[in-house]
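Undergrad: the sequence and its predicted three-dimensional model are supplied below.
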Amino acid sequence: MVDLTTTYMGMSLKNPLVVSSSPLSDNVDTIREMEEAGASAVVMSSLFEEKVIYESQSLDHYLNYGVDSFAESLSYFPDMQEYRTGPESYLNLISQVKDKTSIPIIGSLNGVSSSGWIEYAQKIEQAGADALELNIYYIPTDINTSGADIERMYLEVVQSVKKSVSIPVAVKLSPYFSATANMAHQLAQAGADALVLFNRFYQPDFDLENLEVAPNLVLSDSNELRLPLRWVAILHGQVPVDFAITSGVHTHEDVLKGLMAGAKVTMTASELLQNGVGRIGEILAGTTAWMEEREYESVKQMQGSMSQQHVAEPAVFERANYMKVLESCRPVAK
């Protein structure tokens, strides 16, 4: 019998498939369905800093970056009066989910500053969450803000939150740092228990009919797995944290690749939004069948087996592979 169990941030999980933060986790009944389908843990939909600020009537200065120079920038933020998950209802939802499920529940805070996060990190812990994921979603548009400023902001948030709670804390990391490996190392030193790769920054589109900037949600596909796969494989064994892959996990092959790169868990949401929560069981069944066919006894046996430290050609993850790929590309003869 194949052993699918794994550990993530000290939590024992029945398998490596976790539901990532999405509207699916806004509802207790849906979370119970995902548990019954086989999900080993669920990351709650995010509590947004802007919502906390709106309800407290205390504006954080990060929210106003660029407003003076571009008056329409305020229109990028959602109407917080209509946003469905306020702080108190969010905390109540966590409590209800914990009462009605037996799998670990991971709270999620989405924001940019440490000021509003400490209080709600504590409240999320008090509501019963088993762990916390920090989704630091910030796009630096101020030309006077340096990369070092952004890194320092991330580290301050992690340090502040870690000091305020006793539950494990994961950081959902952006792929846009100039030195990803160093940033991962600094976050581990700041106290992060896990790194989740990667946050997807949703890009606005232009509506040519109405000449407006329009929000445009595009769900992931398996091709997006390659970027987090590469970085988890590089960082595995170098940075002392657990890794989760959250972009592009749609099939059992994606789960297996993530584990072999060095992830403790793989997270999915787009696949479930597109094809239903029943896909959880199908993905797990495919994972089990693949492992049985190749005589793998456990998930732990394969974790990190194809990381940079263990493959025959470590350079395949670096620049040498870039040159090989370009050389292999030839135009089709006509």
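TA: Here it is on my side, so go on. Numbering: from 1, shown residues only.
Undergrad: doesn't Gly107 belong to a strand?
TA: Yes - according to DSSP: H, G, I helix; E, B strand; the rest coil, Gly107 belongs to a strand.
Undergrad: ok, what's across the strand from it?
TA: Leu132 (DSSP bridges).
Undergrad: now the helix or strand containing Lys257: mean pLDDT?
TA: Assigned by DSSP states H and E, Lys257 falls within helix 252-261. For helix 252-261, mean pLDDT is 98.
Undergrad: what does the helix or strand following that helix contact?
TA: Per DSSP H and E, the first helix or strand lying C-terminal to helix 252-261 is strand 265-268. For strand 265-268, the surrounding residues in contact (CB atoms under 8 Å, 6 or more residues apart in numbering) are 6, 8, 13, 16-20, 40-41, 43, 196, 242, 244-246, 249-250, 254-255, 258-259, 279-280, 283. Any C-beta I mention is one placed from the backbone N, CA and C, and that applies to glycine too.
Undergrad: so for strand 265-268, what's the average pLDDT?
TA: Strand 265-268 comes out at a mean pLDDT of 98.
Undergrad: let me know the next secondary structure element after that strand.
TA: Counting by DSSP H and E, what follows strand 265-268 is helix 270-275.
Undergrad: and that next one, what does it pack onto?
TA: helix 279-293 (3 or more CB pairs under 8 Å, 6 or more residues apart in numbering; DSSP states H and E).
Undergrad: relative to helix 252-261, how tilted is the helix it packs on?
TA: If you take axes from the mean of the first three to the mean of the last three CA atoms, to 10 degrees, helix 279-293 sits at 60 degrees to helix 252-261.
Undergrad: buried ones in helix 279-293?
TA: Across helix 279-293, burial judged by 16 or more other CB atoms under 10 Å covers Arg279, Ile280, Glu282, Ile283, Leu284, Thr287, Thr288, Met291.
Undergrad: what sits closest to the last one if chain neighbours are left out?
TA: Closest residue to Met291 in three dimensions, ignoring its sequence neighbours and counting by CB to CB, 6 or more residues apart in numbering: Val2, at 4.7 Å.
Undergrad: having no further points to raise, I will conclude here.
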